[in-house]
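In: From the sequence below, what's the structure:
(one chain, ligands or ions: 1)
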Amino acid sequence: MSTSDIDSILQEERLFQPPEHFRAQAAINDAGQLQQMHREAEEDHTAFWAGLARREITWREPFTTALDDRAAPFFKWFADGKMNVSFNCLDRHLADRRDKTAIVFEGEQGDTRHITYGELHQQTCRFANALKNAGVESGDRVIIYMPMVPEAVIAMQACARIGAIHSVVFGGFSAESLKDRIEDAGAKLLITADGAHRGGKIVELKAAADKALSLLGGNTLDKVIVLRRTGHDVPMVEGRDLWWDDATRDCSDDCPPEWVGAEHPLFILYTSGSTGKPKGIQHASAGYLLGAITTMRWVFDIRPEDIYWCTADVGWITGHTYVAYGPLAVGATIMMYEGAPTVPDAGRFWQLCERHKVSIFYTAPTAIRALMKFGDELPAQYDLSSLRLLGTVGEPINPEAWMWYHRVIGKERCPIVDTWWQTETGANMIAPIPGVTPTKPGSCTQPLPGIAADVVDEAGNSITTPDKGGYLVIRKPWPSMLRTIWGDDQRYVDTYWAKFDKRYYLAGDSARRDKDGYFWIMGRIDDVLNVSGHRLGTMEVESALVAHEKVAEAAVVGRPDDIKGEAIFAYVVLKGERPPNGVDEALTRELRQWVAEQIGPIAKPDDIRYADNLPKTRSGKIMRRLLRAIARGEEITQDTSTLENEAILLQLQGKA
Ligand code: PRX
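Out: Prediction:
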């Protein structure tokens with residue numbers, strides 16, 4: 001983000017009313033209607049959510065207690081109710097939507113598929129039976145390490161169908177990262193593919209899976225199901241590996257859903273925190289599904305004829321809630337694309353929107369910024385008139401990118417929903433209701449009904465002064481909240497609840513509210529970076545660096561970046577001599593590659609500087625603020641007297 005953008009965020013006064021023709025057709029299109037929802041939620045928070053849960057979820061056995069807060073902050077929602085998420089996403093649509101397209105798929109090379117609800121149901125049942133044949137039972141953990149193809153959604157739905165807990169690992173993560181997740185989740189089975197297509201190349205998922213399993217040694221995981229996607233040769237381990245086609249060939253299309261309690265874990269999704277080890281965010285079944293459904297209706301104003309395209313990979317929470325679960329639960333048609341947005345050129349997204357008549361398009365600001373760089377001509381080549389609503393997620397959007405999205409993609413007729421939420425929150429939390437809420441470029445606007453978001457000071461008091469920054473918190477539990485960190489209840493309490501005496505959920509973001517009560521996200525308060533809308537812990541990258549034989553010490557900070565939001569800047573102290581003048585291009589390449597192998601290519605440092613030492617306080621803590629200032633090329637105002645010699649400062653600045 002450039003300085004001029006930051007200035008314009010601070011002075012942003014532009015207000016965009018919902019376009020009239022959108023408003024006229026929207027399900028919620030009257031301010032009074034929205035106020036009424038907020039009022040109901042404020043008057044009786046639990047009853048508000050209970051009413052929605054009764055209406056939106058098909059229950060096998062109804063719940064009698066909506067919220068159980070006796071063991072707070074371990075909250076339970078609708079706990080004595082019984083249901084099944086896959087039944088709610090598939091079976092309940094069969095009576096009147098069996099032949100409706102559930103998934104429109106296109107691959108990078110142009111291969112397309114249309115899958116109806118009837119077919120999706122059938123394939124999910126078959127695969128669920130294959131999982132059962134492989135010994136998977138309710139409560140078992142299954143890892144999904146797949147390309148962005150319909151089978152990834154089928155695998156997730158199949159797990160949900162039999163009560164197995166999935167943990168999807170993004171295909172861009174390395175064998176090492178995959179190994180850590182398999183181990184932490186104690187997974188029994190792994191679903192992968194012979195490869196994924198990306199940027200004209202094949203991502204070797206099976207090879208990474210094999211390596212991960214070899215690193216594990218003895219483990220509970222003894223079965224691997226492999227989807228044939230690319231068709232190239234991969235070694236199969238006898239007795240362990242099974243092709244997807246073989247696994248499903250003789251399976252029945254009939255697989256009655258496993259009726260589970262509302263609190264039964266639906267999935268674990270790993271995300272970065274401020275320590276080295278990613279944490280397994282654990283979500284429950286009914287509450288999570290309710291968040292997905294209500295936000296599909298409120299924020300995306302979903303209609304039966306929509307073609308809904310969320311560009312996120314199923315490896316991230318956005319791909320869980322707005323690809324695999326939310327749109328299917330409301331019986332919508334989703335678009336899925338496997339490949340890079342720049343193949344054959346940076347017009348691919350717009351071409352796909354035209355070809356498949358996408359009406360709702362949801363992506364990350366990084367993608368918008370990257371595609372904006374190629375100018376207005378590419379989008380102008382395509383007919384984007386099917387679009388009616390645009391969305392963004394994952395990081396703050398700078399007003400310049402917002403305006404481009406609004407003008408060039410939305411042709412000034414599509415509202416933009418800037419949605420703030422997290423892996424932990426399960427669903428959108430702060431976002432506009434597009435038929436009602438006027439939008440401001442760069443603001444996620446206001447909390448949704450039933451979401452008690454607030455900005456508080458150090459003492460936990462609500463900040464009422466406009467534009468004064470503070471901690472973003474959620475004051476009341478909500479159904480789609482995380483339930484715990486897998487296997488680490490204490491870390492759950494410490495990370496999210498300890499700061500304010502277990503009274504409020506601490507999001508980890510700082511925010512301010514303007515004079516109209518609009519929220520502006522300012523950034524993370526912990527050592528978490530947001531690189532291209534993806535969360536990465538600085539400690540995670542540091543641990544990867546120091547695991548290299550030549551590295552003695554490392555410190556990683558973020559630096560603002562025009563496209564990626566934040567770039568990764570690493571300071572490294574070597575075990576041997578510092579390279580002459582701090583330059584060793586071969587080593588820099590080696591370390592970048594090393595980090596890619598340890599975590600994944602998204603974690604590669606953009607810059608590495610070598611110094612004889614790192615700046616520390618007298619108590620031995622790394623002076624990150626100083627390192628951040630150096631990375632940004634700012635003037636040094638901090639006290640650097642603890643540095644043994646001034647030369648180190650020059651080394652860190654790359655001047656010596
Ligand atoms: O810092 C916030 C940022 O992304 C973080 C959550 O990351 P993750 O769990 O990976 O989920 C991303 C997709 C939901 C938040 O703590 N963030 C997310 N959405 C926004 C945002 N920052 C500003 N504006 C947003 N709309």
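In: Bridge partners for Trp520, pull those for me.
Out: Listed by DSSP bridges, the beta-bridge partners for Trp520 are Arg512.
In: Now for it: which residues touch it?
Out: Ile9, Pro396, Gly442, Ser443, Cys444, Ala511, Arg512, Arg513, Asp514 (CB atoms under 8 Å, 6 or more residues apart in numbering). Bear in mind the C-beta positions are built from the backbone N, C-alpha and C, glycine included.
In: Stretch 643-654: which residues count as buried?
Out: Leu643, Ile648, Leu649, Gln651, Leu652, Gln653 (16 or more other CB atoms under 10 Å).
In: mind listing what the fifth one touches?
Out: Under the criterion of CB under 8 Å, 6+ apart, the contact list for Leu652 reads Tyr571, Arg609, Ala611, Pro615, Leu627, Ile630.
In: How about the fourth one?
Out: Under the criterion of CB under 8 Å, 6+ apart, the contact list for Gln651 reads Arg578, Gly582, Arg609, Tyr610, Ala611, Asp612.
In: What about the residues you listed, which are in strands?
Out: Judged by DSSP state E, the contacts of Gln651 include Arg609, Tyr610 as members of strands.
In: thinking again about what came up before, turn the contacts of Trp520 into TSV, columns for neighbour count and pLDDT.
Out: Below are the contacts of Trp520 laid out as TSV (neighbours: other CB atoms under 10 Å; pLDDT from 0 to 100):
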residue	neighbour count	pLDDT
Ile9	19	53
Pro396	24	94
Gly442	26	96
Ser443	27	97
Cys444	27	98
Ala511	25	98
Arg512	20	97
Arg513	24	97
Asp514	15	96
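In: And those residues, which is closest to Glu634?
Out: Nearest to Glu634 among the contacts of Trp520: Ile9, at 18.8 Å, using CB to CB.
In: Most neighbours out of the contacts of Leu652, which is it?
Out: Neighbour counts for those peak at Tyr571, which has 26 neighbours (criterion: other CB atoms under 10 Å).
In: so what's it scoring on pLDDT?
Out: What the model reports for Tyr571 is a pLDDT of 97.
In: tell me the SS of it?
Out: What DSSP: H, G, I helix; E, B strand; the rest coil gives for Tyr571 is strand.
In: That one - nearest residue in space that isn't next to it in sequence?
Out: Ala555 (4.7 Å; CB to CB, 6 or more residues apart in numbering).
In: Also Gln33?
Out: Nearest non-adjacent residue to Gln33, counting by CB to CB, 6+ apart: Val436, 7.6 Å away.
In: A strand includes the one you found, no?
Out: No - Val436 is assigned coil when assessed by three-state DSSP, not a strand.
In: returning to that earlier point: among the contacts of Trp520, which are in reach of the ligand?
Out: Pro396, Cys444 (CB under 6 Å from any ligand atom).
In: contacting residues for Asp241?
Out: Val224, Ile225, Val226.
In: I'd assumed the last one was in a strand, is it?
Out: To tie it back to what came earlier, the one meant is Val226. Yes - Val226 forms part of a strand when assessed by three-state DSSP.
In: Give me the distance between it and Asp194.
Out: Here the criterion is CB to CB, to the nearest Å. By it, Val226 lies 6 Å from Asp194.
In: who touches both of those two?
Out: In contact with both Val226 and Asp194: Lys206, Val234, using CB under 8 Å, 6+ apart.
In: got the residues of this protein near the ligand?
Out: Counting by CB under 6 Å from any ligand atom, the chain comes close to the ligand at 271, 317-318, 393-396, 418-423, 444, 507-509, 521, 524, 530, 535.
In: those helices in the stretch 501-650 of the chain, which residues are they?
Out: 538-546, 585-598, 624-631, 646-652 (DSSP state H, counting those that start in this stretch).
In: Dump those helices into TSV; add mean pLDDT and distance to Gly487 as well.
Out: TSV is the format used below for the helices of the stretch 501-650 of the chain (pLDDT from 0 to 100; distance: least, CB to CB, whole Å):
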stretch	mean pLDDT	distance to Gly487
helix 538-546	96	18
helix 585-598	97	22
helix 624-631	93	29
helix 646-652	88	39
